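Asks: got a sequence here, can you build the structure:
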Amino acid sequence: MLSDNKGKVIVISAPSGAGKTTLVRHLLEKFDELDFSVSATTRSPRKAEVEGKDYYFLSIEDFRKRIDEGDFLEYEEVYKGLFYGTLKSEIERLWKKGKTVVFDVDVMGAISIKKFFNRSALAVFLKAPSMEELENRLRSRSSESEERIQERISKAQMELTKEKEFDIVLVNDKLAHTFTTAESIVRFVLRS
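Replies: The predicted structure is shown next:
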């Protein structure tokens with residue numbers, strides 16, 4: 001169970017390939033007041049990903065056990081057999097450090113977090129300037145099969161219909177401009 005002393009949270013979400021992880025990393029470098037909520041997942045680590053820094057990599061069995069034990073604030077089976085979720089203990093860890101928690105989560109997870117924290121949360125929806133650009137970004141990763149790319153494109157089309165459930169929609173067309181706008185948003189949250 002999360003403590004009643006809720007701190008502030010910033011939720012950054014986007015369809016896969018829109019640049020949310022790049023944006024979150026930039027904000028974490030820029031603001032000492034922020035810290036990253038490390039999500040749990042059942043997917044395998046990508047090159048250079050570190051356990052406990054990028055994700056908590058769990059087996060499907062362990063993930064399901066932790067669901068049953070009520071350890072997750074939110075979780076979702078994002079793709080068949082591929083779970084992601086936010087551990088309550090992770091949020092408590094960051095609040096104990098006096099940090100504003102930053103989430104880098106999928107769209108449905110972001111909506112769940114926003115509903116849970118309500119006014120203590122600012123939810124930002126990041127999107128690519130077009131579906132064509134999103135597809136180009138996914139392909140440039142060179143880390144996924146054609147089937148997985150098509151699955152991500154299909155999911156992105158659904159996720160784009162949810163942008164109205166967010167506080168702010170930010171189009172990631174020019175990275176420098178996206179960074180500047182996001183920095184202004186964070187400054188506002190930290191001052192309020």
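
Asks: list the buried ones in stretch 61-72?
Replies: By neighbour count, and taking 16 or more other CB atoms under 10 Å as the criterion, the buried residues in stretch 61-72 are 63, 66, 71-72. Just so you know, the C-beta spots here come from the backbone N, C-alpha and C atoms, and that holds for glycine as well.

Asks: next, the buried residues of stretch 179-187.
Replies: Taking 16+ other CB under 10 Å as the basis for neighbour counts, the residues of stretch 179-187 that come out buried are 179, 181-182, 185-186.

Asks: and what of stretch 16-29?
Replies: With the criterion 16+ other CB under 10 Å, stretch 16-29 contains buried residues 16-20, 23-24, 26-27.

Asks: now swap in stretch 145-154 and tell me
Replies: Of the residues in stretch 145-154, those buried by neighbour count under the rule 16+ other CB under 10 Å are 149, 151-153.

Asks: quick one, strands of the protein?
Replies: 9-13, 34-36, 39-41, 55-57, 72-79, 82-87, 100-105, 121-127, 168-171 (DSSP state E).

Asks: in terms of secondary structure, what does the fourth one contact?
Replies: So that's strand 55-57. Applying 3 or more CB pairs under 8 Å, 6 or more residues apart in numbering; DSSP states H and E, we find strand 55-57 packed against strand 39-41.

Asks: average pLDDT for the strand it packs on?
Replies: Strand 39-41 shows a mean pLDDT of 95.

Asks: what lines up beside it in the sheet?
Replies: strand 55-57 (parallel), strand 82-87 (antiparallel) (DSSP bridges).

Asks: counting by contacts, list what the helix or strand of the chain with the lowest mean pLDDT packs against.
Replies: With mean pLDDT, DSSP states H and E as the measure, the helix or strand of the chain carrying the lowest mean pLDDT is helix 131-140 (a mean of 80). Taking 3+ CB pairs under 8 Å, 6+ apart as contact, the helices and strands that helix 131-140 lies on are helix 146-159.
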